[in-house]
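Participant: Let me see the structure of the following:
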Amino acid sequence: MSILIIEDDAKTGDYLRKGLREHGYNVDLARNGVDGLYMALDQDYELVVLDIMLPGLTGWDVIQQLRAKRDVPVIVLSARDEVSDRIRGLRLGADDYLVKPFSFVELELRIRTILRRGAARETEVFEVADLRLDLVRRRVTRGGVEIALTNKEFLLLHLLLRREGEVLTRTQIASEVWDMNFDSDTNVVDVAVKRLRAKIDGPFERKLIATIRGAGYSLRAEP
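Facilitator: Below is the predicted model of the structure:
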C-alpha cells in the first residue's frame with residue numbers, strides 16, 4: 001500500500017513517515033502543497049494524508065485540484081478544529097478529517113478502514129456471539145441494542161475483537177490504544193477495561209471480556 005504524506009512540519013512529517021513504514025506501508029513525504037499536488041497527480045498513491053496549513057498551496061487548494069483529476073482517498077490531518085473547517089474539508093472531497101494533536105493508532109486505524117473500503121478485501125464488521133462492531137459506521141450493538149462508546153473505548157473494543165481469543169497484556173493494550181509505553185504505576189488500562197466491560201457485559205448475562213490473572217485481558221465467546 002502506497003501513501004503520500006503532505007506535511008510541512010518536519011517533526012510531524014518524519015514521525016508519520018517512520019510510523020507508517022513500520023506498519024508496512026510504502027510512504028513518500030512532500031513538505032509543501034506544490035510538491036504534494038504534483039506527486040499526488042504524477043504517481044498512483046492509494047491514500048493521501050494532508051495538512052491544511054501548507055506553503056505554496058494550502059491543503060484546501062490541494063484537495064480541490066486533486067479531486068478535479070483523481071479519486072485517491074484523502075485524510076485531512078490539521079490543527080484547525082472548527083466545525084466549519086471539517087465541513088469545508090469534507091465538502092471539498094476529503095474522506096476523513098482528524099484534528100491535531102492526534103493518536104497515531106487512531107490515524108492508522110482510519111487509514112486501514114478507508115483502504116479496506118476501497119479494496120473491499122476484508123470485512124468491516126466484527127462479530128463475537130451477539131456483539132457486533134461496525135468499523136465504518138463506528139457502531140456497536142449487542143443483542144441488537146446499540147451501545148454508545150467513547151473513542152478510546154471503541155478503539156479498545158476493536159483491538160479485543162481483532163485479537164479475539166488472545167490474551168493481551170496491559171503493555172500491548174496501552175501501546176495499541178494509547179500509543180504509549182505502559183507505566184506499571186498507571187491504571188489507565190484497567191480503568192478503561194472496567195468501563196468498557198460495564199457497557200459491553202454489564203447488562204447481559206453472558207460475559208465476553210475476561211480478566212486473565214497475572215497476564216491481561218481477553219475477549220472470547222466461550223469462558
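Participant: Okay, domains of this protein per the record?
Facilitator: 2-119, 125-219 (automatic domain parsing).
Participant: Tell me how far the shortest one lies from the chain's centre.
Facilitator: Which is domain 125-219. 15 Å (Cα atoms, centre = their mean, to the nearest Å).
Participant: Pull up the distance across it, start to finish.
Facilitator: This stretch, domain 125-219, spans 16 Å end to end (Cα to Cα, to the nearest Å).
Participant: Over to stretch 138-155?
Facilitator: Length of stretch 138-155, first residue to last, Cα to Cα: 10 Å.
Participant: Mean confidence (pLDDT) on that stretch, please.
Facilitator: Averaged over stretch 138-155, pLDDT sits at 92.
Participant: That stretch: which residues count as buried?
Facilitator: Buried residues in stretch 138-155, defined by neighbour count with 16 or more other Cβ atoms under 10 Å: 140, 142, 147, 149, 152, 153, 154, 155. The C-beta positions use only the backbone N, C-alpha and C, and glycine is treated the same way.
Participant: wait, isn't the fifth one in contact with residue 177?
Facilitator: Yes. Here residue 152 reaches residue 177: they are 6.2 Å apart, a contact under Cβ atoms under 8 Å.
Participant: Need the residues touching each of the two.
Facilitator: With contacts taken as Cβ atoms under 8 Å, 6 or more residues apart in numbering, residue 152 and residue 177 have residue 192 as neighbours in common.
Participant: thinking again about what came up before, output the buried residues of stretch 138-155 as a markdown table; include the columns secondary structure and distance to residue 87.
Facilitator: Shown next, in a markdown table, are the buried residues of stretch 138-155 (DSSP: H, G, I helix; E, B strand; the rest coil; distance: Cβ to Cβ, whole Å):
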| residue | secondary structure | distance to residue 87 |
| --- | --- | --- |
| 140 | strand | 26 |
| 142 | strand | 32 |
| 147 | strand | 28 |
| 149 | coil | 24 |
| 152 | helix | 25 |
| 153 | helix | 26 |
| 154 | helix | 23 |
| 155 | helix | 25 |
